[in-house]
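Engineer: Provided below for reference: sequence and predicted model.
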Amino acid sequence: MRNLFAFISGALFGGGLFISGMTDTAKVQGWLDVFGDWDPTLAFVMGGAMIPMAIAWWFTQGRKPALGGDFPERPEPKIGRNLVVGSVLFGMGWGLVGLCPGPSLASLSYGGPGHWLFVAAMIAGMIAAVPLRRMLPAT
Amino acid sequence: MIEQDWIWGFVGGLVIGTAGAVYLLINGRIMGASGIVGGLIDGTGMRTMWERVAFIAGVILAPIPLYPLYKSVDTHITGNLVAIVAAGLLVGIGTRMANGCTSGHGVCGMSRLSLRGIVATVFYILAGGMTMVIFKHVLGVI
């Protein structure tokens, strides 16, 4: 059951990314490039995605997940070095090619070799992050 | 047409948000692409391995039946292989250090007004914008 709904959620995510145009690297870079021919699409995608998500968070109050367990606790509002440095590194990679983890997966079937190479490098980066995470304090 | 792009962006965004709502309300988990993949890679998420595999399979397979809706599915990815490898490494390391990416910190975090999600999103957008300035407008390599 959990796997079925994980698949449905993943399919909605992948389909939504495809429909929204967020697997098109030109649209993502166009949004980040405020000094170029600015493309506002990404803001509409983010705005659209926040609506069902905000309703879902509101709905979690005083309830349990449908398939049991507990909802993820609110993380402590601690801003550490890892969060900032990690996000800066991620943003640099995101800007350089115009892909982030979700769209890089959603575009695997049609993006071609460039997308396969990106995902392979991303996985290598995630492997490299393992010892890095162990060395740095969890902040 | 640009106007149509906004509408499709918004509709696609609603579908993405619905995906996050399903994963949260039914499975009780936060829909973060880098976390779902990363947990399989570093072994921290092996207890929920099949749930993660099923999610990733859905993400990869869903666009296939949607191709006919579009005249072209060109992703305009750069042909610069060095940039692709460097970007992939940065995204992989960065999202695991920061514990989240555009979906986890952005969509799921900001919608619950999480301070960490908002701060992460501000920093990766600023870094992405700076990267565009440096590599496109100053160096002219992308």
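Structural biologist: Good, I have the coordinates. Numbers count the residues shown, from 1 in each chain, chains lettered A, B, ... in the order given.
Engineer: And the next helix or strand past the helix or strand where A:Met92 lies?
Structural biologist: Taking DSSP states H and E as the definition, A:Met92 sits inside helix A:81-97. Moving toward the C-terminus from helix A:81-97, the next helix or strand (DSSP H and E) is helix A:101-106.
Engineer: any bit of the helix or strand just after that following helix sitting next to chain B?
Structural biologist: Once the chain leaves helix A:101-106, the next helix or strand it forms, by DSSP H and E, is helix A:113-135. Yes. Using C-beta under 8 Å from any C-beta of the partner chain, helix A:113-135 reaches chain B at A:114-115, A:117-130, A:132-133. Bear in mind the C-beta positions are built from the backbone N, C-alpha and C, glycine included.
Engineer: before we move on, back to that, can you pull the buried residues of the helix holding A:Met92?
Structural biologist: Neighbour counts over helix A:81-97 (16 or more other C-beta atoms under 10 Å in any protein chain shown) mark A:82-97 as buried.
Engineer: now that helix against helix A:113-135, angle please.
Structural biologist: Per axes from the mean of the first three to the mean of the last three C-alpha atoms, to 10 degrees, the angle that helix A:81-97 makes with helix A:113-135 is 170 degrees.
Engineer: need the helices for chain B, in chain order.
Structural biologist: For chain B, the helices defined by DSSP state H occupy B:2-25, B:33-41, B:49-61, B:81-98, B:110, B:115-132.
Engineer: just the CA coordinates of the fourth one, formatted as PDB?
Structural biologist: Only the C-alpha atoms of helix B:81-98 are listed here, as PDB (Å, rounded to 0.1, in the frame of the first residue of the first chain):
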ATOM      1  CA  LEU B  81      30.000  18.100 -20.500                       C
ATOM      2  CA  VAL B  82      32.400  19.700 -18.000                       C
ATOM      3  CA  ALA B  83      29.500  22.000 -16.900                       C
ATOM      4  CA  ILE B  84      27.100  19.100 -16.600                       C
ATOM      5  CA  VAL B  85      29.500  17.000 -14.500                       C
ATOM      6  CA  ALA B  86      30.400  20.000 -12.300                       C
ATOM      7  CA  ALA B  87      26.800  20.900 -11.800                       C
ATOM      8  CA  GLY B  88      25.700  17.400 -11.000                       C
ATOM      9  CA  LEU B  89      28.500  17.100  -8.400                       C
ATOM     10  CA  LEU B  90      27.500  20.400  -6.800                       C
ATOM     11  CA  VAL B  91      23.800  19.500  -6.800                       C
ATOM     12  CA  GLY B  92      24.600  16.100  -5.200                       C
ATOM     13  CA  ILE B  93      26.900  17.400  -2.500                       C
ATOM     14  CA  GLY B  94      25.000  20.600  -1.800                       C
ATOM     15  CA  THR B  95      21.500  19.000  -1.400                       C
ATOM     16  CA  ARG B  96      22.900  16.400   0.900                       C
ATOM     17  CA  MET B  97      24.800  18.900   3.000                       C
ATOM     18  CA  ALA B  98      21.700  21.200   3.200                       C
END
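Engineer: for that helix, packing partners?
Structural biologist: For helix B:81-98, the contact count by 3 or more C-beta pairs under 8 Å, 6 or more residues apart in numbering or on different chains; DSSP states H and E identifies helix A:81-97, helix A:101-106, helix A:113-135, helix B:33-41, helix B:115-132 as packing neighbours.
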